[in-house]
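Would you be able to build a 3D model of this:
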Amino acid sequence: MAQGRRVERVAALIRREVSELLVNGIKDDRVSLGMVSVTNVEVAGDLQHCKIYVSVFGSADLQQQALAGLRSAASYVKGELGRRLNMRRTPEVIFHLDRGIEKGTSVLGLLNQLEERRQERGEIPEGTGQLDDDGL
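Modelled structure (predicted):
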């Protein structure tokens, strides 16, 4: 179980350092176009590979450009992580786009639309915003 704690600790350190690099280190214009934030970091048990999930606020095109910029800066990020974390071997860095926030926002929008339609039909009094027993 100590191995699991170490992996979690390394993931937290990588998340902190990559977040710092997004603000001050990565100079690629594609990355700075959108608001990029690190949402999750998964480190392999052998500490050789690291998946960094990022959320990019903006259009799909802007998201793809930012992701391309991050992927091109992966070797720079790996080098910086090696210098900052003093690990024997620095994990390979792979960036992935996290669409969880985007999906959550779309679900909330759909729920709001459903509530508005129910209010228009008079099924629930305006302003209560409560769901009935069957969840609708």
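
Could you list the domains of this protein?
Residue ranges for the structural domains of the chain, counted by automatic domain parsing, are given in the record as 2-98, 100-136.

Just say which of those is most tucked in.
Looking across the domains of the chain with neighbours counted as mean count of other C-beta atoms under 10 Å, the highest average goes to domain 2-98: a mean of 16. In short, each C-beta sits where N, CA and C put it, glycine included.

and the gap between the nearest residue to Gly34 once chain neighbours are set aside and Gln48?
Spatially, and ignoring its direct neighbours in sequence, Gly34 is nearest to Gly58 (4.0 Å; C-beta to C-beta, 6 or more residues apart in numbering). From Gly58 over to Gln48 the distance is 32 Å, taken as C-beta to C-beta, to the nearest Å.

cool, and Pro91?
6 Å.

Let me see the ranges of the helices in this structure.
2-20, 29-33, 60-72, 74-85, 100-120 (DSSP state H).

Just put the ones you listed in TSV and tack on mean pLDDT and distance to Val43.
Putting the helices of the chain into TSV (pLDDT from 0 to 100; distance: least, C-beta to C-beta, whole Å) gives the following:
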stretch	mean pLDDT	distance to Val43
helix 2-20	89	5
helix 29-33	82	22
helix 60-72	91	17
helix 74-85	92	11
helix 100-120	84	19
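
who wins for proximity to Ala44 among the ones you listed?
If you check each of those against Ala44 by C-beta to C-beta, helix 2-20 wins as the nearest, at 7.8 Å.

ok, now how distant is Lys27 from Ser55?
In this structure, Lys27 and Ser55 are separated by 21 Å, where distance is defined by C-beta to C-beta.

try Leu108
For Leu108 relative to Ser55 (C-beta to C-beta), the value is 15 Å.

just Ala66 next, same as before
Relative to Ser55, and taking C-beta to C-beta, Ala66 is found at 10 Å.

what is Val56 paired to in the beta sheet?
On the basis of DSSP bridges, Val56 takes part in beta bridges with Val36.

what's the pLDDT at it?
With respect to pLDDT, Val56 has a value of 88.

show me the contacts for it.
With contacts defined as C-beta atoms under 8 Å, 6 or more residues apart in numbering, Val56 is in contact with 34-36, 62-63, 66-67, 97.
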